[in-house]
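S.K.: Curious how this folds, go ahead:
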Amino acid sequence: MSLIIETANYEVLMHKYNLTLLLGLGLIVLLLLALFVTVWLLRRSRKSKSTASNSKLTSSLRDEKLKSSIIINAIDDGVVLIDDQRTIQLFNPGAANIVGWKAEDAVGLNWQAIFKFVNEKGEPVNSAEDPVETLFQTKKSVRDNSANLLMKSGNIIAVSLVISPILDNDQRVTGAVSVFRDVSEERQAEQQRGEFISTASHEMRTPVAAIEGYLELSLNDKVSTVDSRARNYLEKAHTSTQHLGKLFQDLLTSAKVEDGRLTSHPDVVEFGAFLEQLTEELRFAAEKKGLAVEFTFGTPQTIDATHTAEKLIRPLYYTYADPDRVREAITNLFDNAVKYTDKGKITLGLVGNEQVVQFYVRDTGPGIPAEDIPHLFQKFYRVDSSATRTIGGTGLGLFICRKIVELYGGRIWVESVLGQGSTFYINLPRLNTLRAEELKAKATKNTTLPQINSLAESP
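M.R.: You can find the predicted model right below:
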């Protein structure tokens, strides 16, 4: 009987165990199914988000391209894209309006077929002056504010352009982008302004010179007798008149420089002897103020005392420029150094290499603030300080210096530290001795031939 009961109990327990096992397996299956559904939903959600993101990116790129196209087509400036074969790939409506070519006609043509640069006389410029060729040679941006362009109609317009290179990872030029505009009206207005300044300065110099002359006579003891108070007034008037005359002269010179009317007679100049002589001529103005003056040649070096009897050979630094114009630039720098230096010395120096003749004017003055240096050679720019307000000036001297130096393919710049003085440098292209002798012989031949012809024609 007990065995039957135990058997029955065992079957009940097994039934409960199987039921529990089935419930557990079912729960596991449900959990796995729920996990699978969750993963599937997450993947679908991510895919949907990725698709939406890609769609937004594509739309954004499309919008940016549309914006760029709208901007390029809307601006009045000409925008041109060329490839490394100098073929035009993009030609916006602004370029079409300026040049006179339709975009569909210009795209695919060579750059030079559309952009024909000429000089002021209407003559084509040589290939060395072509801005695109210059860019491909130098791999640097080219800026030209004085270019003249021959339009399709045959008219000549003044343009200002900037051409920037497109470089690949190997720094090779794969193309260029040019932005240009018609500046004919601005250039004409500038020319009229220059003519007015030139005419006014020229006409005003005559009465100012007369006033200065009469003041000098009034201050001359042999001509007139004035008391000390009147002499003081006359001396102040004379100083102001001289300053006014210098202003008119600088205005006249700057106008001539800008419109190309500045007279220039370049010649072969050996700057060692030239600068040494000029230093002696300028020395008095500095020594009158108590400043020392020195001339240095080359790089200072120590010489063995046992060889002092040997003759030192000084190199010849030849360049091709108008000595009077270069003298004007150096004198201007020297006068500025004297005006703004209260104590110490003024140094004129000359150095060079195979390509460049470099001379400099160094002072021990107060120095120039760093923020003023980039603007120092602009027209009418003056450093705002107590010294400049006291001393006065036209603000044209350094501008004229820059224009004179650039006239002969040179460069001028300044290095300065506040409280330690300033050094103005001028670089001019150097001629080797052979080339200098050739130019000298050519100049001599040109001056003697007319005399021979005139003698042959005389009876």
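
S.K.: Mind checking the pLDDT average for stretch 213-220?
M.R.: Averaging pLDDT along stretch 213-220 yields 85.

S.K.: now that stretch, how far from the chain's geometric center?
M.R.: Its chain's C-alpha centre and that of stretch 213-220 lie 46 Å apart, by CA atoms, centre = their mean, to the nearest Å.

S.K.: Arg430: neighbour count?
M.R.: The burial count assigned to Arg430 is 21, neighbours taken as other CB atoms under 10 Å. Every residue, glycine included, has its C-beta placed from N, CA and C.

S.K.: And the residue nearest to it when sequence neighbours are not counted, its phi and psi?
M.R.: Once flanking residues are discounted, Arg430 sits nearest to Val357: 4.6 Å by CB to CB, 6 or more residues apart in numbering. Dihedral angles phi and psi of Val357 (degrees, to the nearest 10) take the values phi -100, psi 120.

S.K.: Same question for the one 4 residues further on.
M.R.: In terms of degrees, to the nearest 10, the main-chain angles of Val361 are phi -120, psi 120.

S.K.: where's the residue nearest to it when sequence neighbours are not counted, which helix or strand?
M.R.: On the basis of CB to CB, 6+ apart, the spatially nearest residue to Val361 that is not a chain neighbour turns out to be Leu333, at 4.3 Å. Leu333 is part of helix 323-340, with elements assigned from DSSP states H and E.

S.K.: and Glu129, what is it in contact with?
M.R.: Taking CB atoms under 8 Å, 6 or more residues apart in numbering as the contact definition, Glu129 lies against Phe117.

S.K.: err, Leu215, not the other one
M.R.: Going by CB under 8 Å, 6+ apart, Leu215 touches Leu234, Ala237, His238, Thr241.

S.K.: Now that we have the residues you listed, which of them are buried?
M.R.: The neighbour-count criterion (16 or more other CB atoms under 10 Å) marks Leu234, Ala237, His238, Thr241 among the contacts of Leu215 as buried.

S.K.: Which secondary structure state does the first one sit in?
M.R.: Yep, that's Leu234 we're talking about. For Leu234, the secondary-structure state derived from DSSP: H, G, I helix; E, B strand; the rest coil is helix.

S.K.: Which SSE is immediately downstream of the worst-scoring helix or strand of the chain on mean pLDDT?
M.R.: Here the helix or strand of the chain ranked lowest by mean pLDDT, DSSP states H and E is helix 386-391, holding a mean of 53. Beyond helix 386-391 on the C-terminal side, the first helix or strand identified by DSSP H and E is helix 397-407.

S.K.: Give me the buried positions along that next one.
M.R.: Of all the residues in helix 397-407, those buried under the rule 16+ other CB under 10 Å are Gly397, Leu398, Phe399, Ile400, Cys401, Arg402, Lys403, Ile404, Val405, Leu407.

S.K.: Can you give me the distance of the second one to Leu247?
M.R.: Applying CB to CB, to the nearest Å, the value for Leu398 to Leu247 is 15 Å.

S.K.: Tell me the helices and strands packed up against the longest strand along the chain.
M.R.: Once the chain is assigned using DSSP state E, the strand that runs over the most residues is strand 156-167. Contacts defined by 3 or more CB pairs under 8 Å, 6 or more residues apart in numbering; DSSP states H and E place strand 156-167 against helix 131-138, strand 142-150, strand 173-182, helix 184-219.
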